[in-house]
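Peer 1: just coords:
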Ligand code: NDP
């Protein structure tokens, strides 16, 4: 049977665009892609990229104070949100153009439309057209989840935060994951009075206890009003903002409330279950190690599969899909030992097992140091950083590396290579320190602080 295309990709985010471009440009496949919103997807339009630019913007308030401590005469000034937002929106427009061009230059036909799956080889576009393809790739990503309680519709999510008309004076952020903590730090740094509610006992559940404990301490120290064991019960619009009643009985008024309460795969009303694609918990597309769904001609990559929801992972899954399907080289994706960073202030960089998870698996030694870094300490700040290695007693391999420090994201990328290669504690020790740096502590920790 002749199909219109070899591959039809649904979703123009990081994973979908990479798969389409490589399948067309390198494997010579005839490829089409449909995107209902903006090209670039969550990472470029509503996530990593605008977030990181806001992290940079918010960091300057502290830098300006530090510069004074280093002897610079600084003019006092405020943050001009409309000026920044204008530049940010122009940058996102530019990036959308880059993504469109990548597809065009590789010969991928694009449709600015929503696509639904009709059968194992057919999609229907919101324009009414139907297209057939030998393979369909689902790369629709995810979407913020909103809790359900009276007044919940008054809150925004991370989708809207980049486009606010004006910066709120007072904001409540609900949640304790990556997005909640990153935005609490960003807004606090921009001068917004920031309150954060997290329902659990400590933010950043699942990360190393000591590392997340320090991030939480530093966030409070920097002025974030963090309430643990607290959630929202009810919200109401009032004259001067949004009235919020909390589970601990307190009542507050904020100008904005932002939910950062998790994300769910974009799989509703896509026709997937009707054609035999299996959906798991929370609507995630179930796939095997080659990203193949229960329907052999349909594959899925990225957040829509809810495996590890990070852009570089979606890109790898896209590349592995092309290797497997279009280059005759079956390639599973390695989801083990993925380094990542949380862009809080200070940042957290992490790879491998937390101390708590490692302890469940085998006997370990923990090497850890926490100190005031030179640059901030000289400026009179009390900030502390943390460098931690979790080491297997038996194999001596570094099972986990956790860093809380300015630029921890940059550091963990490099430490991650060693950990991924299976480096032992002694390999770290054989490496000469780069002095004076913060990360030199990773190679100079002589004795374990504890064994377990
Ligand atoms: P997370 O799953 O990380 O966090 C969701 C948070 O919301 C948790 O603290 C959760 O609490 C809380 N929560 C869930 N439901 C409710 C509710 N009904 N009421 C109150 N609180 C609730 O999701 P995020 O949205 O922060 O991020 C989504 C994903 O995006 C991440 O998992 C990550 O993969 C990716 N991401 C990565 C970044 C990076 O690499 N720097 C940055 C941003 C996102 P509890 O812990 O109790 O479940």
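Peer 2: Yep, that arrived. Being a predicted model, the structure only gives us computed values, none of them experimental.
Peer 1: what's the nearest residue to residue 11 if we skip its chain neighbours?
Peer 2: Excluding its sequence neighbours, the residue lying closest to residue 11 (CB to CB, 6 or more residues apart in numbering) is residue 139, at 3.7 Å. All C-beta spots, glycine's among them, are computed from the backbone N, C-alpha and C.
Peer 1: Any figure for the gap between that neighbour and the ligand?
Peer 2: To the ligand, residue 139 is 16 Å away according to CB to the nearest ligand atom, to the nearest Å.
Peer 1: ok, now residue 402?
Peer 2: Residue 402 sits at a distance of 15 Å from the ligand (criterion: CB to the nearest ligand atom).
Peer 1: show me what contacts that residue?
Peer 2: Residue 402 sits next to 207-208, 210-211, 348-350, 354, 386, 388, 390 when contact means CB atoms under 8 Å, 6 or more residues apart in numbering.
Peer 1: Buried ones among those residues?
Peer 2: Buried residues within the contacts of residue 402, counting neighbours by 16 or more other CB atoms under 10 Å: 207-208, 210-211, 348-350, 354, 386, 388, 390.
Peer 1: Filter those down to the ones in strands?
Peer 2: Counting by DSSP state E, the buried ones among the contacts of residue 402 place 348-350, 386, 388, 390 in strands.
Peer 1: picking up where we left off before, show me which of the contacts of residue 402 is closest to residue 25.
Peer 2: Nearest to residue 25 out of the contacts of residue 402 is residue 349 (CB to CB; 32.8 Å).
Peer 1: Just list the residues touching the residue in the stretch 101-250 of the chain that the ligand sits nearest to, thanks.
Peer 2: Using CB to the nearest ligand atom, the closest approach of the stretch 101-250 of the chain to the ligand is made by residue 177 at 2.1 Å. Going by CB under 8 Å, 6+ apart, residue 177 touches 203-205, 260, 262.
Peer 1: Emit the ChimeraX select command for whichever of those residues are buried.
Peer 2: Selecting only the buried entries of those in ChimeraX, with 16+ other CB under 10 Å as the criterion:
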select :203,204,260,262
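Peer 1: what about the residue nearest to residue 11, neighbour count?
Peer 2: Using other CB atoms under 10 Å, residue 139 has 32 neighbouring residues.
Peer 1: swap in the one 3 residues further on?
Peer 2: Residue 142 has 24 neighbours, counted by other CB under 10 Å.
Peer 1: correct me, but it touches residue 264?
Peer 2: Yes - between residue 142 and residue 264 there is a contact under CB atoms under 8 Å: 5.9 Å.
Peer 1: what's in contact with stretch 409-420?
Peer 2: 337, 339-341, 343, 347, 349-352, 398, 400-401, 403, 405, 427-428, 438-439, 442.
Peer 1: do that again at 7 Å, thanks
Peer 2: 337, 339, 341, 343, 347, 349-352, 398, 401, 403, 405, 427-428, 439, 442 (CB atoms under 7 Å, 6 or more residues apart in numbering).
Peer 1: Who's the closest spatial neighbour of residue 206, skipping the chain neighbours?
Peer 2: Closest residue to residue 206 apart from its sequence neighbours, by CB to CB, 6+ apart: residue 354 at 7.5 Å.
Peer 1: if we can go back for a sec, would you reformat the ones in strands among the buried ones among the contacts of residue 402 as TSV and include pLDDT and distance to the ligand?
Peer 2: Listed next are those as TSV, based on pLDDT from 0 to 100; distance: CB to the nearest ligand atom, whole Å:
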residue	pLDDT	distance to the ligand
348	98	9
349	98	10
350	98	10
386	98	18
388	98	19
390	98	20
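Peer 1: ok, which residues in the protein are in contact with the ligand?
Peer 2: 147, 174-180, 182, 198-200, 205, 231, 260-263, 309-310, 340-343 (CB under 6 Å from any ligand atom).
Peer 1: How about the contacts made by residue 349?
Peer 2: Counting by CB under 7 Å, 6+ apart, residue 349 has contacts 339, 341, 403, 408-409, 411-412.
Peer 1: and which of those is nearest the ligand?
Peer 2: The nearest member of these to the ligand, counting by CB to the nearest ligand atom, is residue 341 at 5.6 Å.
Peer 1: Could you look up the SS state of the residue lying closest to the closest one once chain neighbours are set aside?
Peer 2: Leaving aside its chain neighbours, residue 341 sits nearest to residue 409 (3.2 Å; criterion: CB to CB, 6+ apart). Residue 409 carries the three-state label helix when classified by DSSP: H, G, I helix; E, B strand; the rest coil.
Peer 1: hang on, the earlier thing: got the contacts of residue 349 as TSV, with neighbour count, distance to residue 8 and pLDDT columns?
Peer 2: Formatted as TSV, these follow (neighbours: other CB atoms under 10 Å; distance: CB to CB, whole Å; pLDDT from 0 to 100):
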residue	neighbour count	distance to residue 8	pLDDT
339	21	33	98
341	21	34	98
403	28	42	98
408	28	40	98
409	20	35	98
411	22	41	98
412	23	37	98
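Peer 1: closest to residue 370 among these?
Peer 2: For these, the minimum distance to residue 370 (CB to CB) is 11.0 Å, reached by residue 403.
Peer 1: give me phi/psi at that closest one?
Peer 2: phi -130, psi 130 (degrees, to the nearest 10).
Peer 1: if I look at the closest residue to it other than its chain neighbours, how far off is residue 72?
Peer 2: Spatial nearest neighbour of residue 403, excluding adjacent residues (CB to CB, 6+ apart): residue 349 at 4.4 Å. The gap separating residue 349 from residue 72 is 29 Å, by CB to CB, to the nearest Å.
Peer 1: Equivalent analysis for residue 334, please.
Peer 2: Noted for residue 334: a distance of 47 Å to residue 72, by CB to CB.
Peer 1: And for residue 22?
Peer 2: 48 Å.
Peer 1: quick one, which of those two is more surrounded?
Peer 2: residue 22 (21 against 9).
Peer 1: Surely that one touches residue 319?
Peer 2: Yes - using CB atoms under 7 Å, residue 22 is in contact with residue 319, at 6.1 Å.
Peer 1: what does stretch 39-53 rub up against?
Peer 2: Contacts with stretch 39-53, where a contact means CB under 7 Å, 6+ apart, come from 11-14, 38, 88, 91-92, 95-96, 99-100, 141-142, 158-159, 162, 182, 311, 343.
Peer 1: re the thing from before, buried ones only from the contacts of stretch 409-420, please, as a PyMOL command.
Peer 2: Selection of buried members from the contacts of stretch 409-420 for PyMOL, criterion 16+ other CB under 10 Å:
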select buried, resi 339+341+343+347+349+350+351+352+398+401+403+405+428+439+442
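Peer 1: Sort out which of the contacts of stretch 409-420 are in strands and list them.
Peer 2: Secondary structure from DSSP E places 341, 347, 349-352, 398, 401, 403, 405 of those in strands.
Peer 1: these two touch, right, residue 118 and residue 125?
Peer 2: No - taking CB under 7 Å as the definition, residue 118 is not a contact partner of residue 125, at 10.4 Å.
Peer 1: quick one, helices of the protein?
Peer 2: Listed in chain order, the helices of the chain (DSSP state H) span 14-25, 41, 48-69, 81-105, 158-161, 178-189, 209-221, 272-275, 311-326, 355-361, 374-378, 408-420, 425-430.
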